[in-house]
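Novice: what follows is a protein structure lacking sequence information:
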C-alpha cells in the first residue's frame with residue numbers, strides 16, 4: 001500500500017495523504033525473479049486470500065504473458081515497497097540497468113511551497129555518471145591484492 005502526501009512527516013507527526021494505491025508483489029515474487037535470473041525454471045505458487053487484496057493480486061498477475069513482464073512488476077514493487085531502505089542502488093546494479101537509471105542531475109524531494117507551487121530540490125551543478133566498463137565491479141583493495149598474488153585488479157580501476 002502506498003499513500004502520497006504533500007510533505008514528509010516529522011517524528012511522531014500524523015499527516016493527511018492525497019493519493020492511495022496498492023501494488024502486487026512481495027518477498028516471494030522477489031525470490032522467484034532472482035531464481036529465474038540465475039537460470040532456474042521457476043513456477044510461482046501462492047495462497048491468495050478471498051479479499052480485495054487477493055482479488056487485486058489475481059487481476060494483476062492473471063494476464064502476465066512473459067518473464068520480462070513479471071520482472072517489471074517485481075521491480076516496480078521493490079521500488080515502491082523498499083523506498084528509503086537503502087537497497088535501490090544494489091537493485092539497479094544487480095539488474096544491470098545502472099547506465100539507464102543513474103546518469104543525470106541529482107533530484108531530491110518535491111514539496112509544495114508557501115504559494116502552493118510544487119518545487120523539486122535539485123543539484124544541477126553535479127552530474128551523476130555511471131561507467132559501464134568499470135562501475136559494475138568495485139575496486140579490490142590494494143592490501144588484498146598484496147596478500148594474494150592470484151588476485152588482479154578489476155578492469156579500469
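Specialist: All right, it came through fine. Everything numeric here is computed off the predicted structure, so don't read it as measured data. Numbers count the residues shown, from 1 in each chain.
Novice: could you check how far residue 108 is from residue 117?
Specialist: Between residue 108 and residue 117 the distance is 16 Å, computed by CB to CB, to the nearest Å. Backbone N, C-alpha and C define where each C-beta goes, glycine included.
Novice: next one: residue 15
Specialist: 19 Å.
Novice: got it, and residue 132?
Specialist: 38 Å.
Novice: who's more crowded, residue 15 and residue 117?
Specialist: Shown here are residue 15 and residue 117; by other CB atoms under 10 Å, residue 15 has more neighbours (12 against 8).
Novice: and the closest residue in space to residue 82 that isn't next to it in sequence, how many neighbours?
Specialist: In space, residue 82 comes closest to residue 88 once its chain neighbours are excluded; the distance is 7.2 Å by CB to CB, 6 or more residues apart in numbering. For residue 88, the count of nearby residues is 14 (other CB under 10 Å).
Novice: cool, residue 29 as well?
Specialist: The tally of other residues near residue 29 (other CB under 10 Å) stands at 20.
Novice: so is it in a helix, a strand, or just coil?
Specialist: helix (DSSP: H, G, I helix; E, B strand; the rest coil).
Novice: what's near enough to touch it?
Specialist: By CB atoms under 8 Å, 6 or more residues apart in numbering, the contact set of residue 29 is 44, 70, 73, 74, 77.
Novice: who wins on neighbours among those residues?
Specialist: Counting neighbours by other CB under 10 Å, residue 74 leads the contacts of residue 29 with 21 neighbours.
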